[in-house]
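[1] What follows is a predicted protein model with its sequence.
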Amino acid sequence: MPQMSFNSPLGPLTVFEEDGIIVALDWGWPPETQETPLLLRAVEQLEAYFNHSLTQFDLPMQPYGTDFQHRVWDAMSQIPFGQTRTYKDLADQLGTSPRAIGMACGRNPIPILIPCHRIVGSNGSLGGYSAMDGVETKLELLKHENPQYNQTVGL
């Protein structure tokens, strides 16, 4: 599976492609990378995101997951840059429970590109974040997108 890594403000990130579609993003730098036109475009868009010159990704993505997870990830992808929604908001929208939304967030294989970091608790808590340094990384991403982001409950 082709993969390409780059250094981001959050540390090294690796984007994975399969059959011309982005299927994963992970923290770290694998022993081997392989550039493809799509991976170059993905890295370019991620760098633009971190440089504050891109607010919406335009990449073909198809993460592995259940139909329910895809519904949650699609709903997350509709949350505008710099905004958040609660687990309950998405649960109400999709007719499920906040816990189910949290589980789908935790299984998101393409964090940042599918913005699970934009989902927070109803009480202002960050909830969880499965990537890198957990909720500290989530908070960094939220503040990156909205410098006025004010977390009301501690980590």
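    Nice, I can see it. Bear in mind that the values here come from a model prediction, so they are computed numbers and not experimental data. Residues are numbered from 1 along each chain as shown.

[2] what's the domain layout of this protein?
    3-50, 67-145 (automatic domain parsing).

[3] low-scoring stretches of the protein, by residue?
    151-155 (pLDDT under 70).

[4] what ranges do the strands span in it?
    3-8, 11-18, 21-27, 85-86, 119-120 (DSSP state E).

[5] Which stretch among the ones you listed is buried most, on average?
    strand 119-120 (a mean of 25; mean count of other CB atoms under 10 Å). To be clear about C-beta, it is placed using only N, CA and C from the backbone, and glycine gets the same treatment.

[6] could you give the angle of the lengthiest helix in the chain to strand 3-8?
    If you go by DSSP state H, the chain has its longest helix at helix 37-50. Helix 37-50 and strand 3-8 meet at an angle of 20 degrees, taking axes from the mean of the first three to the mean of the last three CA atoms, to 10 degrees as the criterion.

[7] Verify the contact between residue 79 and residue 118 for me.
    Yes: contact status for residue 79 versus residue 118: in contact at 4.5 Å, counting by CB atoms under 8 Å.

[8] Tell me which of those two has more neighbours.
    Remark: of residue 79 and residue 118, residue 118 carries more neighbours, 23 against 17, as counted by other CB atoms under 10 Å.

[9] Could you pull out the buried residues of the longest helix of the chain?
    38, 39, 41, 42, 43, 45, 46, 49, 50 (16 or more other CB atoms under 10 Å).
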